[in-house]
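**Q** what shape does this take:
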Amino acid sequence: MRTKLIRVIAAGTLLVASAAPVIAHHSFSAEFDPNKPVKIKGTVVKMEWINPHSWIYIDVMGPDGKVERWVVEGGAPNALLRRGWTKNSLPPGVEITVEGFQAKDGAYRANGRDITFPDGTKLFVGSTGTGAPDDKKDRR
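**A** Below you'll find the predicted structure:
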C-alpha cells in the first residue's frame with residue numbers, strides 16, 4: 001500500500017513538473033502584435049537573464065518629453081550566449097535602438113528583434129520559432 005502511494009505521488013509530481021515549462025512559455029501572437037512594429041531608442045537600465053526569455057529595460061524619451069520605461073523581451077539566455085552575447089553585452093547606460101513589435105495591449109513592452117549600438121553594430125536579440133514576423137531560424 002505504501003509503495004503504491006509513493007508511486008502515485010511521484011507520478012503526480014513528475015506530471016506537474018513537466019507541465020510547468022509549457023505554462024511559462026508563450027507564442028509571439030499571444031502577447032505581441034505583428035501590426036505594431038516599433039523602433040525605440042533609449043538608454044539601457046538593466047538586463048535580466050531569466051528563462052525562458054531575457055528582459056531588457058530601457059528608458060526612452062517620449063514625444064511629450066517624459067521618460068518611458070520600456071521592457072523588451074529577448075531570446076532565451078542560452079540562445080543569446082550561443083550567439084556571442086555575454087552578461088556585459090548591454091551594460092547600464094549604453095544607448096541602443098531596438099526594433100521589434102509592441103505588446104497587443106499597447107503597454108511599453110515589446111518583443112525585440114534587432115538591437116543597434118551607436119557604432120552601427122547590430123545584434124539579434126529575438127527568439128526563433130515563435131511565429132513573429134521575420135522569424136528566421138538561422139539568424140545570429
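
**Q** buried sites along stretch 117-128?
**A** By neighbour count with 16 or more other CB atoms under 10 Å, stretch 117-128 contains the buried residues L123, F124, V125, G126, S127. Where C-beta positions appear, they are placed from N, C-alpha and C, glycine not excepted.

**Q** which strand or helix spans the closest residue to the first one other than its chain neighbours?
**A** The shortest distance from L123 to any non-neighbouring residue, by CB to CB, 6 or more residues apart in numbering, is to I115 (4.9 Å). Of the helices and strands defined by DSSP states H and E, I115 is found in strand 109-116.

**Q** remind me what that strand packs against, helices and strands.
**A** The contact analysis (3 or more CB pairs under 8 Å, 6 or more residues apart in numbering; DSSP states H and E) places strand 109-116 against strand 32-50, strand 67-74, strand 95-103, strand 122-124.

**Q** where does the protein dip in pLDDT?
**A** 1-2, 5-29, 127-140 (pLDDT under 70).

**Q** can you put the helices and strands packed on strand 109-116 in a markdown table and add distance to N111?
**A** As requested, the helices and strands packed on strand 109-116 are exported to a markdown table (distance: least, CB to CB, whole Å):
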| stretch | distance to N111 |
| --- | --- |
| strand 32-50 | 4 |
| strand 67-74 | 5 |
| strand 95-103 | 5 |
| strand 122-124 | 12 |
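
**Q** closest to N88 out of those strands?
**A** Closest of the helices and strands packed on strand 109-116 to N88 is strand 32-50, at 9.7 Å (criterion: CB to CB).
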